[in-house]
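S.K.: Next come a sequence and a model predicted from it.
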Amino acid sequence: MNCNCNCASTRREFLRSSLVSLGSCSLLAGCNRQQQQRITFEPVRPYGPASSCVPKIKAAFVRRKEPYGMLWPGAVYDGQAAMQKYTKQIAETARALGVKLDLRPEPIYGIEQAKGWVAGAKSARADGLILIVLDRQQHSWPSAHTAAASGIPTVIFSPLGTSFTTNTIELAEQQGCVIYATVGDFAQAAYGMKMLAAGAKMKQTRCVVLKGKERYETVMPDVGIALQYVPVETFLDEYRQTETSDAILKMARDYMRVARRRSGATEQDVINGIKSYCAARNILKREQADAITMDCLGALGHTKVSLPCIAWSRMNDDGVPAACEADWGAVASQVIVQYLFSRPGFQQDPVPDTSCDAIIGAHCSCPTKLNGFDKPAEPFDLIHHHGNRDAVPRTIWKPGQRITSLDVGGSRGIVQNEETEVLISEGTVLDNISVPPAGGCVVSVRVKFDKGHNVLTFPGFHQVFFYGEHAKELKDFCQLYKLKARIV
């Protein structure tokens, strides 16, 4: 796979993953400082191309060289001050995102300069363009059209005074380009830069798929994620070779200490779940991958090896996309959510509830860091899987919490040579269903979605639920990366 990114370590991402992992591996009360120093645990983190990807963004201002005069934005507009302000903001955003920014030192003063700038970006294999429009006249919007037609994902920022709707209408829905026209708030432009960074990282992501008996590699259409298929027996072998170390015991006991309560799941079940986590970590490291998914029930359902419910929950908390049932689309959904919004999502099976026209998202693996990787975890119980075995962290979702649902490609395997459809919804958490006494997966969160779709025909499967209202941002991301978004 060709890498357009400058492959130097992204220190910020590494530190975040390491601190989250190590922080949650705290020792039990009563352990002394000497014991703490003796017990070490290698944090789980991405090891693949995405982990060292430094996205390259080309940026430029565009305006007339002469004074504005009577024509918009007019003599009242201090273009020099605006350029200084936005130069500072774009540089600060680039540093925060860990991207390599190449900002043209002078504005683009003519259409030929615009063409040359785009040609240079292509030659440099830039991951994205951001054009800050400081003028409504002459070559400014033709330059925006030139950038949008480059084939490089392009964000155009147009502060008040630099566009009419007549300027934006032709580019408003163009695939590969997003326009943010605002009073001057840079927040949307900063999000545009985050989309460029996330998209570049997404296209460098390598995911281990533990399924079947053959080893081969393919690429997920449209989103570009590399799928490294590895024989599923690899997980069984790794699990059986994983010793129950002091670090594993410490981590398991920490889970039991932090949980609100434990029901059904034994201490050994929790220890076995942490062993699955360590086995997955070792495979991820050996395969130099950034994400993981497995044919869980097919591989482990007939064995006594622990299903990876704790493992996947913890990996998603650590910022490593992990999906159940070897589901490509769920991998892509987790990747997009984590890279764009710095939080994990919950892959689930949608269950209709006609009593209140709601969808119950049901599954047996849910992360706890729903508020964000660097935010406090939601409370959770430790309970048996619905198969009455192993240990599952049953995360408690906040009633009244606004959430978004994302489903990339229908989440049952994206079809080659067909446009990838992305289903997006927003809704509100009603409550958490207790399983048992109800049947089904033990994490069952009931959500009322906004669009009033018939719950018996709610489209998609294995949608990823996550905290926050992000439908518009996801729709913009889909437009920027030529994915077919549909709000449902």
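M.R.: Arrived safely.

S.K.: use CA for all of it now, contacts and neighbours both
M.R.: Noted.

S.K.: For stretch 375-390, buried residues please.
M.R.: 377, 379-386, 389-390 (16 or more other C-alpha atoms under 10 Å).

S.K.: how far is it from where the chain is centred?
M.R.: Computed by C-alpha atoms, centre = their mean, to the nearest Å, the chain-centroid distance of stretch 375-390 equals 23 Å.

S.K.: what does the average pLDDT come to for that stretch?
M.R.: The pLDDT scores in stretch 375-390 average 90.

S.K.: And the contacts of it?
M.R.: Surrounding stretch 375-390, the residues in contact under the criterion C-alpha atoms under 8 Å, 6 or more residues apart in numbering are 256, 259-265, 269-270, 272-273, 306-307, 364, 368-371, 391-397, 439-442.

S.K.: Residue 287: which of the buried residues of stretch 375-390 is nearest?
M.R.: residue 390 (26.5 Å; C-alpha to C-alpha).

S.K.: The closest one: what secondary structure?
M.R.: coil (DSSP: H, G, I helix; E, B strand; the rest coil).

S.K.: Distance check, it against residue 312.
M.R.: 13 Å (C-alpha to C-alpha, to the nearest Å).

S.K.: Residue 358 now?
M.R.: Counting by C-alpha to C-alpha - residue 358 and residue 312 are separated by 26 Å.

S.K.: try residue 180
M.R.: 36 Å.

S.K.: How about residue 404: what's its closest non-neighbour residue?
M.R.: residue 426 (4.4 Å; C-alpha to C-alpha, 6 or more residues apart in numbering).

S.K.: Note down every partner strand of the one helix or strand that neighbour maps to and its orientation.
M.R.: For residue 426, the element it lies in under DSSP states H and E is strand 421-432. The pairing partners recorded for strand 421-432 under DSSP bridges are strand 402-408 (antiparallel), strand 443-449 (antiparallel), strand 484-487 (parallel).

S.K.: now what about the first one, what contacts it?
M.R.: Just to be clear, that refers to strand 402-408. Contacts for strand 402-408 (C-alpha under 8 Å, 6+ apart): 329-330, 332-333, 420-429, 460-471.

S.K.: ok so, going back, in JSON lines: the buried residues of stretch 375-390, plus secondary structure and distance to residue 453.
M.R.: What follows is the buried residues of stretch 375-390, written out as JSON lines (DSSP: H, G, I helix; E, B strand; the rest coil; distance: C-alpha to C-alpha, whole Å):
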{"residue": "377", "secondary structure": "coil", "distance to residue 453": "31"}
{"residue": "379", "secondary structure": "coil", "distance to residue 453": "31"}
{"residue": "380", "secondary structure": "strand", "distance to residue 453": "30"}
{"residue": "381", "secondary structure": "strand", "distance to residue 453": "32"}
{"residue": "382", "secondary structure": "strand", "distance to residue 453": "33"}
{"residue": "383", "secondary structure": "strand", "distance to residue 453": "32"}
{"residue": "384", "secondary structure": "coil", "distance to residue 453": "33"}
{"residue": "385", "secondary structure": "coil", "distance to residue 453": "30"}
{"residue": "386", "secondary structure": "coil", "distance to residue 453": "28"}
{"residue": "389", "secondary structure": "coil", "distance to residue 453": "35"}
{"residue": "390", "secondary structure": "coil", "distance to residue 453": "36"}
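
S.K.: These: which two are farthest apart?
M.R.: Greatest spatial distance among those (C-alpha to C-alpha): 377 and 389, at 24.6 Å.

S.K.: so where's this protein uncertain?
M.R.: 1-41, 301, 410-417 (pLDDT under 70).

S.K.: Kindly report the domain assignment for it.
M.R.: 54-201, 204-487 (automatic domain parsing).

S.K.: so which of those comes closest to residue 45?
M.R.: Distance to residue 45, taken as C-alpha to C-alpha, is lowest for domain 204-487 among those, at 6.2 Å.

S.K.: Pull the distance from that closest one to the chain's centre.
M.R.: Counting by C-alpha atoms, centre = their mean, domain 204-487 comes out at 12 Å from the chain centroid.

S.K.: which residues touch the closest residue to residue 450 other than its chain neighbours?
M.R.: Using C-alpha to C-alpha, 6+ apart and skipping residues adjacent in sequence, the residue nearest residue 450 is residue 427, 5.3 Å away. The neighbours of residue 427, taking C-alpha under 8 Å, 6+ apart as the test, are 402-404, 447-450.

S.K.: quick one: residue 427 from residue 402, how far?
M.R.: Residue 427 is 6 Å from residue 402, by C-alpha to C-alpha.

S.K.: Is it possible to mark the buried ones in the contacts of residue 427?
M.R.: For the contacts of residue 427, a burial check counting by 16+ other C-alpha under 10 Å picks out 402-404, 447-449.

S.K.: which one of those is nearest residue 67?
M.R.: Nearest member of the buried ones among the contacts of residue 427 to residue 67, counting by C-alpha to C-alpha, is residue 404, at 46.1 Å.

S.K.: I would like the residues contacting the helix or strand containing residue 96, please.
M.R.: Secondary structure from DSSP H and E places residue 96 in helix 79-97. The contact list for helix 79-97 (C-alpha under 8 Å, 6+ apart) reads 61, 100-101, 134, 186, 190, 193-194, 197.

S.K.: Please name the nearest non-neighbouring residue to residue 48.
M.R.: residue 289 (3.9 Å).

S.K.: how about the strands of the stretch 51-200 of the chain, start to end?
M.R.: 53-54, 56-62, 100-103, 128-133, 154-159, 177-182 (DSSP state E, counting those that start in this stretch).

S.K.: Among the strands paired with strand 421-432, which comes closest to residue 171?
M.R.: Closest to residue 171 of the strands paired with strand 421-432, according to C-alpha to C-alpha: strand 484-487, at 16.5 Å.

S.K.: What sits closest to residue 466 if chain neighbours are left out?
M.R.: residue 345 (4.6 Å).

S.K.: Hmm, that neighbour is touching residue 334, no?
M.R.: Yes: between residue 345 and residue 334 there is a contact at 6.2 Å, judged by C-alpha atoms under 8 Å.

S.K.: joint contacts of those two?
M.R.: Joint contacts of residue 345 and residue 334 (C-alpha under 8 Å, 6+ apart) are residue 464.

S.K.: show me what contacts residue 186?
M.R.: Contacts of residue 186 by C-alpha under 8 Å, 6+ apart are 86, 89.

S.K.: any idea how far it is from residue 156?
M.R.: In terms of C-alpha to C-alpha, residue 186 sits 12 Å off from residue 156.

S.K.: mind listing what residue 105 touches?
M.R.: residue 60.

S.K.: please renumber so the chain begins at 73
M.R.: Sure, I'll start numbering at 73, so the last one becomes residue 177.

S.K.: what secondary structure does residue 378 sit in?
M.R.: With three-state DSSP as the criterion, residue 378 reads coil.
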